[in-house]
Structures are given as structure tokens and as C-alpha cells.
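**Student:** generate a structure from the sequence data that follows.
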Amino acid sequence: MKKCSNPEHPHCTFWVLPGETVCAGNHPQTTTAPSSYALLTALRSARSEPSATALPHAPAHDAVLHAASRPAPASAVPPTFMPAAPPAAPPTYQLAQAHLHISGFDPRAAGGRQTLKMELRGMSAACAPQLTLRLRSDLIPRGQVQHDFVRTTRGDWRPVFVEFSSRNKEHGQYQIDVEVHSHVNGAVAQKWVCTFVILVPRRDATLTEIHQIFLSTHKNVRVMADDASIARVTGGDGCNLDVTARNAGIAHVDLSAPQGKIDMGFTTIAWDEELIEVDLPAASHCHPHPSQAACLVNAAPEAGEQRQIRLFALEECMLGRFELVDPEADVLLSHFSPDGQENNGLTRRLSGRHAIIRRGQQGFEIEDVSRYGVLLDGVWPGKHKPVALRLGMRIELSASIKGIVVLSVSALLAHGVILHRIDHGARAECFYLLLPEAQPSPATHLATPQASCLPVLFHRNGGFWHLDTASGKETALAPATALDKLSGFARHKRFASEPYPECWIIRTEGAALCDSNALIA
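**Tutor:** Residues are numbered from 1 along each chain as shown. Modelled structure (predicted):
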């Protein structure tokens, strides 16, 4: 027997029986020269039937090769001279199963930022030239993120980079659910899924403990050291390791260390996750642009209109301090002065997790979870004491310093809540806090005049929808949707996939400033 020799799966450790064309992992194998066992078998056959196998004046080795490659002899056919066989064609492989190649994960970065590189491989050429990647996990901010795979001119797929942080996360294994969608005319035509697990170690875990846990959760581990001259594995059984070393680097694994310790050095960890295509219903109504948080941006707001309408579809919505990096809340709030938004100063007197709004038994309620307090109609309800929301209720963050952020409950809906700012940020933003997968019910609709002029929005099939109350028509909201043709929308509005699209501009300007400082230095 020999191990899998498919170059597309160098870390595969399945054994291949003689004569098999695929390994136990269904990876095609290359055609190799006859083994010694095959040569000996052919030699015995050649000796038993010399007249039907050996050519006149041919060496014995050529006769053995000829006997190993010919079909079973037929006694009724007289011996004849056969022309030389054409050279064998290079080995070919079947189309590899669609899978994600995941790299860049470092379990040693406990409590810090991480970036996963995801490469799409083996996808059929019949799919759309652009695929949607959706990830769901407790590690990802707001629970999910969406990216696009774009096919390059070479025919492969541009890789996608996904950032997450394990800050303030309990140590253990975190599941990441992956969905890949192929859209045709705005509808999901094909869908692939897979699931993998990310290890978040303890903050005080040693490197040896991290390696032991990671090796126990990943059967096939590929260890690489680029620029290497040494690659060594010593001791131990039962671990499937592929160790590679190139150009003066070192990749070292010692599985025989005393007291059961494992000494291991590596620069990166990579593995493959097979994508499984699932059947879709014949009448699938999947949203063309799934999202749990988005924004409606008004480029030229008129009197009484907000520049951003933030949309959230969560069972529990956390209100907290605006943070550009690693935010702890869903609704990020800043203090607004007469001169505009101030992300420092009084904004720092808001907690990262200040208050929670959720659906309770008596309707929607708010709970103070901060260190600075919340005033509801001028009264502090106490910490961790949920209070039912009322139409027109004044919500002030915080209780110690007044005027940092002041909100008003402008609409109570069967499927959500609308909040307006009544401070200096009233022209900047308002908020839709909707229940996911919930339909609007006009019978229980209570709204102030300020909110009654806003469009009726709801969340279903993973995305946001607009409801025309006059005709009952439902329209999916996506970046390509013409909002000016929908009722309740003012001109110059567009749909953004992120609840805070202006943060991208801030990050870009910050990166440009860092680059300019580096050039000056």
C-alpha cells in the first residue's frame, strides 16, 4: 500500500490499495510505474507462457514489462509481433470537489485580532461569475458577515479575507457556519454549505497546551516553514502531520518529549473544508442580499430627514459606545455637539455595553447593563431591571452626565421599534430595531408623526424588505434596488450593506494618514 499521491491534497494521509484509482477520501491517484509485486507476478506469468509473452531476442526485463501491461493470454491466438505502444499520456484528474482552503489561523493569538484567508477551489465553471459568501459565528461582530467571491480572468477565484476577534470571548471551540450562494436573476440558484471549528484558547494557556488541543481537534495538520532547510518529526504515533521546510527555515515537531509535552514550531496552519451542495425548494424566495444590519443613506437630506437610517434585525439589540475597532455593541452611539459628532470626550462616558432592547412577555423592553446608568423619562430604573417601552418614552444615556445621548421611542410595532435622537444628533441618524423573520402587523402599529412618514420595513428570509401599504407589494432591499421608486423613500437615498458605512471612510483616511507619516519618517 501507499499513501495518497494527489498533489491537490498534499496533507491527505489515507492509504491506497494496489490497483485502486482513488484513495479513501475520493482523491484521484496518478498512474505510476509497475510495482515490484506486479513485476514479479508478470515474471512468473512470462516463465509459464514464454511463447505468448516474450518477443524473439528481447531482454527478460522487456518481456516482464510487456507481460505486466498486456491482457490475459488466449491460447487460441498464435503469437504475433505487435508494434510498440504509443507513449502514455500524462495523468489526468477528475474535477476536484468544491472546497474552501482556509489559512492564516493562529491559535496562539488569544484575545487578539485574527484574519482568515479563504480560497474557493474546485467550483464548477457553470456557476455564476460572482458568488456570495455568508459566515455565521459568535466570533464575528453582529453574528454574521457577507463577502463576494469574484472570478478572475485566469478562471480561478479571488480569495476573501475575514477578520474577527476573540476579545472577551470564553475559551473553547466556536463553530463557524459557511454558506456559498450562486444567484441568477436575483434569486439563489445554487447553495453550498460547510461548517468548521475555531479554537479560542485561554489567555493564560501555554503554547504547548494550545498545540495539544489543536492537534486533538484537527486530525490532518499541515505544518509549513517557508525559506527552510530543516523539517523534522520525532517520536509519537497517530498524528497525521505534513511537515514541509524550504530555504533555510525550520519546521520542527517533537512528539516524544518528556511528561507528554509536545514541542512544535510552525508559521501557519491551513486546512480544507468540503463544500456540500444542498437542494433548494422549487419556489425559493431567498433574499438576494441577506443581512442582519444595514443602513439607508440620504446623500441630500431635506428638513426633518436623517442622513442615516440604521437597520438592525436582532433578537436582542445592544446599545453602547461608538468604537471604530472591536465594538462591543450593535447600535454604536456617539455624543453630538452643535459642531457635530464627537467620538471622544463625552462619548467615553458611555459604556461599551450600555443597554439592551429585546422582545419580552409584555412587549419590547429595555434593560440597563452599564456602569453609568440609564434615565427613562428622567428616572433611573435600576441596573438589570427590564422596563417596558412606551410610545414617546425618553431614553437618556447616561444617568451621571446628562445630554450625552438622548433617544425617543417614536414607534412601537408588532415586529420592532423605531428610535429617534432628540439631541444634537437628530438630523444625523435614527434606528429601526426589528425582529428577524417577523411580518408587520398594521393593527398594532403605534407611531408619532415623526415616524409615521418613514417607510414600512421588515426582515424576512435573511434580509430587509419594503412593504407598500397601498398595494401590498413587497420589495427586497439591496444595493441595486431603486429606492426612489418605493413609497416612503425620499430622493437621493441608497441601501448600504453595513449599518455604519461611514466607518469605512474613517478607516481609509486613517490608513492613508499612516502611510503618509511612514513616508515622511
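**Student:** shaky segments in the stretch 401-521 of the chain?
**Tutor:** For the stretch 401-521 of the chain, the stretches with pLDDT under 70 are 442-444, 504-521.
**Student:** what ranges do the strands span in the stretch 151-300 of the chain?
**Tutor:** Under the criterion DSSP state E, counting those that start in this stretch, strands of the stretch 151-300 of the chain are mapped to 160-165, 172-184, 187-200, 220-225, 230-234, 240-245, 250-254, 263-265, 269-274, 276-278, 293-298.
**Student:** those: lowest mean pLDDT?
**Tutor:** Across those, strand 263-265 has the smallest mean pLDDT, namely a mean of 49.
**Student:** and the helices in the stretch 401-521 of the chain?
**Tutor:** Assigned by DSSP state H, counting those that start in this stretch, the helices in the stretch 401-521 of the chain fall at 449-452, 502-520.
**Student:** residue 475 and residue 433: what is the separation?
**Tutor:** The spacing between residue 475 and residue 433, counted by C-beta to C-beta, to the nearest Å, is 21 Å. C-beta: built from backbone N, CA, C; applies to glycine.
**Student:** higher neighbour count, these two?
**Tutor:** In terms of neighbours (other C-beta atoms under 10 Å), residue 433 is the more surrounded of residue 475 and residue 433; the figures are 25 against 16.
**Student:** touching, that one and residue 318? I think so.
**Tutor:** No. If you go by C-beta atoms under 8 Å, residue 433 and residue 318 don't touch, sitting 10.5 Å apart.
**Student:** anything in contact with each of those two?
**Tutor:** Jointly contacting residue 433 and residue 318 under the rule C-beta atoms under 8 Å, 6 or more residues apart in numbering are residue 331.
**Student:** before we move on, what SS does residue 347 have?
**Tutor:** helix (DSSP: H, G, I helix; E, B strand; the rest coil).
**Student:** residue contacts, it?
**Tutor:** Counted by C-beta under 8 Å, 6+ apart, residue 347 has contacts 321-322, 333-335, 404.
**Student:** swap in residue 300?
**Tutor:** Residue 300 touches 491-492, counting by C-beta under 8 Å, 6+ apart.
**Student:** show the model's pLDDT score for residue 327.
**Tutor:** In this model, residue 327 carries a pLDDT of 88.
**Student:** what's the burial count for it?
**Tutor:** Neighbourhood size, residue 327 [other C-beta under 10 Å]: 20.
**Student:** got it, and the one 5 residues further on?
**Tutor:** The number of residues packed around residue 332, counting by other C-beta under 10 Å, is 22.
**Student:** that one: which element?
**Tutor:** Using DSSP states H and E, residue 332 falls within strand 331-333.
**Student:** sheet partners, orientation included, of that strand?
**Tutor:** Applying DSSP bridges, strand 331-333 is found paired with strand 316-321 (parallel).
**Student:** how about the strand it pairs with: buried residues?
**Tutor:** 317-321 (16 or more other C-beta atoms under 10 Å).
**Student:** ok, stretch 493-506 next?
**Tutor:** For stretch 493-506, by 16+ other C-beta under 10 Å, it's 493-496, 498-500, 503.
**Student:** quick one: contacts for residue 173?
**Tutor:** 197-200, 217.
**Student:** quick one on the thing from earlier: show me the two of the buried residues of strand 316-321 that sit farthest apart.
**Tutor:** 317 and 321 (14.8 Å; C-beta to C-beta).
**Student:** can you give me the buried ones in stretch 141-153?
**Tutor:** By neighbour count with 16+ other C-beta under 10 Å, stretch 141-153 contains the buried residues 142, 144-146, 149, 151.
**Student:** out of those residues, who's nearest residue 425?
**Tutor:** Once C-beta to C-beta is applied, the member of those that ends up nearest residue 425 is residue 142, at 21.4 Å.
**Student:** report pLDDT for the closest one.
**Tutor:** 69.
**Student:** how close does residue 429 sit to residue 435?
**Tutor:** For residue 429 relative to residue 435 (C-beta to C-beta), the value is 21 Å.
**Student:** swap in residue 362?
**Tutor:** On the measure of C-beta to C-beta, residue 362 and residue 435 end up 15 Å apart.
**Student:** of those two, who's got more company?
**Tutor:** Between residue 362 and residue 435, counting by other C-beta under 10 Å, residue 435 is the more crowded of the two (20 against 10).
**Student:** give the contact list for the more buried one.
**Tutor:** 313, 315, 359, 415-416, 459.
**Student:** do that again at 10 Å, thanks
**Tutor:** 313-315, 317, 358-359, 364, 413-417, 458-459 (C-beta atoms under 10 Å, 6 or more residues apart in numbering).
**Student:** of those, buried ones?
**Tutor:** By 16+ other C-beta under 10 Å, these give 313-314, 317, 358-359, 364, 413-417, 458-459 as buried.
**Student:** among these, which one sits closest to residue 396?
**Tutor:** Distances from residue 396 to those, taken by C-beta to C-beta, are shortest for residue 417, at 16.6 Å.
**Student:** and the gap between the closest residue to residue 306 other than its chain neighbours and residue 171?
**Tutor:** Closest residue to residue 306 apart from its sequence neighbours, by C-beta to C-beta, 6 or more residues apart in numbering: residue 430 at 4.8 Å. Distance, residue 430 to residue 171, by C-beta to C-beta: 39 Å.
**Student:** next one: residue 312
**Tutor:** Residue 312 is 29 Å from residue 171, by C-beta to C-beta.
**Student:** how about residue 116, nearest residue that isn't a chain neighbour?
**Tutor:** residue 162 (4.7 Å).
**Student:** isn't that neighbour up against residue 113?
**Tutor:** No. Counting by C-beta atoms under 10 Å, residue 162 does not reach residue 113; the two are 11.4 Å apart.
**Student:** list the residues that contact residue 462.
**Tutor:** By C-beta under 10 Å, 6+ apart, the neighbours of residue 462 are 134, 144, 146, 179, 188, 286-292, 313, 436-437.
**Student:** distance check, it against residue 330.
**Tutor:** From residue 462 to residue 330 the distance is 17 Å (C-beta to C-beta).
**Student:** sorry, back to before: could you export the buried ones among the contacts of residue 435 as TSV, including distance to residue 3?
**Tutor:** Formatted as TSV, the buried ones among the contacts of residue 435 follow (distance: C-beta to C-beta, whole Å):
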residue	distance to residue 3
313	49
314	48
317	52
358	54
359	55
364	60
413	61
414	61
415	57
416	57
417	60
458	55
459	50
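**Student:** and which of those is nearest to residue 480?
**Tutor:** Distances from residue 480 to the buried ones among the contacts of residue 435, taken by C-beta to C-beta, are shortest for residue 459, at 18.8 Å.
**Student:** ok, for the closest one, nearest residue in space, not its chain neighbours?
**Tutor:** residue 313 (3.8 Å).
**Student:** what about residue 127, how many residues nearby?
**Tutor:** Applying other C-beta under 10 Å, we find 20 residues neighbouring residue 127.
**Student:** residues contacting it?
**Tutor:** Going by C-beta under 10 Å, 6+ apart, residue 127 touches 98, 120, 149, 151, 180-184, 189-190, 192.
**Student:** ditto for residue 500
**Tutor:** Neighbouring residues of residue 500 by C-beta under 10 Å, 6+ apart: 293, 295, 308, 310, 322, 324, 327, 331-332, 429, 506.
**Student:** mind doing that once more with 8 Å?
**Tutor:** So residue 500 contacts 295, 310, 332 (C-beta under 8 Å, 6+ apart).
**Student:** backbone phi and psi for it, please?
**Tutor:** phi -130, psi 70 (degrees, to the nearest 10).
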